[in-house]
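Student: let me see the structure of the following:
(4 chains)
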There are 2 protein chains.
Amino acid sequence: MTASSSASTPPTRTVTTRRRGTELSQAIYRATLEELAATSFEELSFEKIAPKAGTGKSVLYRRWSTTAELVLAALKDHEAGLGKPLIPDTGTLRGDLLVLLIAFARVLDEPRGRALRPLLTQRPRHPELFAQVMDQVVLPHQAVLLDCMRTAVERGQASPERATARTAAIGPRLIVAESIDRGTVTDSEVEAVVDLVILPLLAR
Amino acid sequence: MTASSSASTPPTRTVTTRRRGTELSQAIYRATLEELAATSFEELSFEKIAPKAGTGKSVLYRRWSTTAELVLAALKDHEAGLGKPLIPDTGTLRGDLLVLLIAFARVLDEPRGRALRPLLTQRPRHPELFAQVMDQVVLPHQAVLLDCMRTAVERGQASPERATARTAAIGPRLIVAESIDRGTVTDSEVEAVVDLVILPLLAR
DNA sequence: AAGATAGAGGACAACATCGTTTCTTATTTA
DNA sequence: TAAATAAGAAACGATGTTGTCCTCTATCTT
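Tutor: Sure thing, here's the model as predicted:
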């Protein structure tokens, strides 16, 4: 009757108001990404997500049939997930890169950002989910970064043959690596990456 | 009596010769790293390692009491694991970096190299094992790379304030990221990392 | 106010996995 | 050759996890 919170997992819900529709979906999305960020996709189960969202398994099974479905929906969600990428417009390449990469570093402090890690690092085990996450979640964000670099090329601030998807990936990759090693990435570390690695690389 | 191979996992042993001592340990190490590379540390168990090594669980429990112990022993092993780092001496910074990073890329094609991934990317879940792997396995290799950079500083080929552990990590990090995204890393991709990223960064 | 819908949470059996133990026998040592 | 040692394989009970189903009732709809 009353949604009780387990002792091991953080208290999720104590009030006795019964949520529905979107509100409930959001809670489930959040619980899903939290659980995924803390463990891995293999260990993910409706069994563990339900109590963390403060609901029952039946609610989950009624809406999604597999965990892969649920994860993809959660990641694509605009509120709980990684919905729409932000578009920077600072006027300079350096400014745009800092906005994007610092925002990325901050998202990696949250569960929805960390939820990406187990998916991307365990790629060979779920090729279909990996491909979907890549296409529908990661690529839109990468495209923004590449656009910034191309704009810089038009301004004459960057070398055309260096503004490729490959070089655009370097920033995010180093941010992810740093976040894995140290737990978090400070703004000044992002700045160092931009000034010492990316900008010299792009210089014409 | 006869070591049979399961249908799902690759046939490991068909002959009926009973191995002992070092020979057996090596087989167990190899099976451990294969299993770890294919899954994750959480999913690792004596239960799965034993048949893959073509032996029984009791043999494992007789020698190690936890999977963490076994994994660390396997990684530190000179033959099956990541024993001693090689020391390059090509006379130039570029040459040394290429030797080290290309060797690293090739190790990442093997199970013993890929076994590192789940450990390093799931750091918060096994802090003690992560620390041991870092200290006893990864650091010795990183030290070699940093030494090359310091030698280059003495030769006047690199800037002193850039030859830090942090910049030394950039190469391996980009190699790992590429191997995760693409599956493998070609020699020419390593070359691009060295020439376009690391060397410009180190230039005085 | 009464009926319809769907959330919350528990119970269920089927199934997998765990570390331990036992037994047989190949291989080594004395 | 005989005794000692340890490998290989199977079986054990205990424990945890799976997806489904069932009941109860808060909330929405009419």
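Student: number of nearby residues for residue A:103?
Tutor: 15 (other CB atoms under 10 Å in any protein chain shown). All C-beta spots, glycine's among them, are computed from the backbone N, C-alpha and C.
Student: and for the one 3 residues further on?
Tutor: Burial measure for residue A:106: 14 neighbouring residues, criterion other CB under 10 Å.
Student: any idea how far it is from residue A:86?
Tutor: Counting by CB to CB, to the nearest Å, the gap from residue A:106 to residue A:86 is 11 Å.
Student: show me which residues of chain A are close to DNA strand D?
Tutor: A:1, A:16-18, A:20, A:45-48, A:56-58, A:61 (CB under 7 Å from any atom of the strand).
Student: and those, which are buried?
Tutor: A:46, A:48 (16 or more other CB atoms under 10 Å in any protein chain shown).
Student: what's the closest of the residues of chain A next to DNA strand D to DNA strand C?
Tutor: Nearest to DNA strand C among the residues of chain A next to DNA strand D: residue A:56, at 2.3 Å, using CB to the nearest atom of the strand.
Student: residues contacting that closest one?
Tutor: By CB atoms under 8 Å, 6 or more residues apart in numbering or on different chains, residue A:56 lies in contact with residue A:50.
Student: do you know the pLDDT at it?
Tutor: Listed pLDDT for residue A:56 reads 91.
Student: cool, and residue A:103?
Tutor: Model confidence at residue A:103 (pLDDT) stands at 97.
Student: how much space separates it from DNA strand C?
Tutor: From residue A:103 across to DNA strand C, the span is 32 Å (CB to the nearest atom of the strand, to the nearest Å).
Student: that residue touches residue A:86, doesn't it?
Tutor: Yes: contact criterion CB atoms under 8 Å: residue A:103 and residue A:86 qualify, at 6.3 Å.
Student: tell me the contacts of residue A:145?
Tutor: Residue A:145 neighbours (CB under 8 Å, 6+ apart): A:97, A:100, A:168, A:171-172.
Student: which of the residues of chain A next to DNA strand D are close to DNA strand C?
Tutor: A:1, A:18, A:20, A:56-58.
Student: nearest to chain B among those?
Tutor: residue A:57 (22.0 Å; CB to the nearest CB).
Student: what bits of chain A have low per-residue confidence?
Tutor: A:1-16 (pLDDT under 70).
Student: how is it carved up into domains?
Tutor: A:21-76, A:93-202 (automatic domain parsing).
Student: okay, which residue is most central for chain A?
Tutor: Central residue of chain A (CA atoms, centre = their mean): residue A:113, 3.3 Å from the mean position.
Student: distance of it relative to residue B:96?
Tutor: Counting by CB to CB, the gap from residue A:113 to residue B:96 is 36 Å.
Student: for chain A, just list every one of the helices.
Tutor: Per DSSP state H, chain A carries helices over the ranges A:21-38, A:46-53, A:57-63, A:67-76, A:93-107, A:111-114, A:116-121, A:127-133, A:139-154, A:165-182, A:187-193, A:199-202.
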